[in-house]
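> Provided below are the primary sequence and the corresponding predicted coordinates.
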Amino acid sequence: MSHQVRVLIADDHEVVREGLRMILEAEDGFVVLGEAADGAQAVELAGRLEPDVVLMDLRMPKMDGLEAIERIRAAWPQIAIVILTTYNEDDLMLRGLRAGARGFLLKDTSRQTLFDSLRAAARGEALLLPEVVERILAGGAPLQPPGRRPAVGSLLTARERTILDRVARGERNKEIAAALGITERTVKAHLSSIYNKLGVDSRAAAVAAAGARGLSSKDE
């Protein structure tokens, strides 16, 4: 990207906010616009500062990250949100992605993954962490009681399941097209169909929905 990625950090732990700020400000191409210590402050600052990306913790006082995500997405849909998470928050991750977050990062992630994920989110893409996706697909808690929704396999075609599986591995459209011998336009068309069938609007949310409905690479 030619311009700086403008970031808002939302986390109730000061040491986490300070650490992220130091890391981002030491890297060319990023500027931290502000810090929020709770969800309500995150919503207020998102509207006032209009960052490109909000790094959003899910467990915060006054207003949790899930409600903050929903409010920001409703009022300012152009702002990308990336969840800050830990391994014991599978259900929250799924709910956050369905609420409109573009992706998720572990709090102990590498600097390069942090940079790549924020740049991807600012471009409107999602850079999914394979180890977290694998955990979600292996045992993500269902968002609704079993039987309320049809399984992914009954909704998607074989090609759509293949493409969604590759998305879950973190592959970009260009990589998927090359691997399957189709054009990027065709990949995008399949993704649009997948989004419509699953009732989502992003790659990350599609993976979350697939995890909630029991799709894994073994389904192929």
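Received it, and whenever you're ready, just let me know what you need.

> how does the chain divide into domains?
The chain breaks down by automatic domain parsing into domains covering 5-127, 144-219.

> where among these is the average confidence lowest?
If those are sorted by mean pLDDT, domain 144-219 sits at the bottom with a mean of 75.

> residues contacting Asp57?
Contact partners of Asp57, counting by CB atoms under 8 Å, 6 or more residues apart in numbering, are 10-13, 16, 65, 83-84. For every residue, glycine as well, the C-beta is placed using N, CA and C.

> show me where this structure has strands.
For the chain, applying DSSP state E gives strands covering 5-10, 30-36, 53-57, 80-85, 103-106.

> make a markdown table from those and add distance to Arg123 to it.
Listed next are those as a markdown table, based on distance: least, CB to CB, whole Å:
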| stretch | distance to Arg123 |
| --- | --- |
| strand 5-10 | 9 |
| strand 30-36 | 14 |
| strand 53-57 | 10 |
| strand 80-85 | 9 |
| strand 103-106 | 12 |
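
> so which of these comes closest to Ala204?
Set against Ala204 and scored by CB to CB, the strands of the chain come closest in strand 103-106, at 4.8 Å.

> in the sheet, who's paired with the residue nearest the centre of the chain?
Centroid-nearest residue in the chain: Gly103, 1.3 Å away (criterion: CA atoms, centre = their mean). When bridges are called by DSSP bridges, Gly103 pairs up with Val82.

> where's it relative to Ala208, distance?
Distance check for Gly103 against Ala208: by CB to CB, to the nearest Å, it reads 10 Å.

> now swap in Arg119 and tell me
When CB to CB is applied, the distance between Arg119 and Ala208 equals 21 Å.

> the more surrounded of the two?
When neighbours are counted by other CB atoms under 10 Å, Arg119 and Ala208 differ, and Ala208 comes out ahead with 29 against 17.

> now the more buried one, nearest residue through space, not along the chain?
Leu97 (3.7 Å; CB to CB, 6 or more residues apart in numbering).

> ok, that neighbour - contacts?
Residues in contact with Leu97, defined by CB under 8 Å, 6+ apart, are 83, 103-104, 202, 204-205, 207-208.

> of those, closest to Glu27?
Closest approach between the contacts of Leu97 and Glu27, by CB to CB: Gly103, at 18.3 Å.

> now do the closest one against Ala120, distance only.
Here Gly103 is placed at a distance of 7 Å from Ala120 (CB to CB).

> Val200 too?
Distance of Val200 to Ala120, given as CB to CB: 17 Å.

> ditto for Thr113
Counting by CB to CB, the gap between Thr113 and Ala120 amounts to 10 Å.

> those two: who's more crowded?
Between Thr113 and Ala120, Ala120 has the larger neighbour count (other CB under 10 Å), namely 21 against 13.

> that one and Ile194, how far apart?
From Ala120 over to Ile194 the distance is 19 Å, taken as CB to CB.
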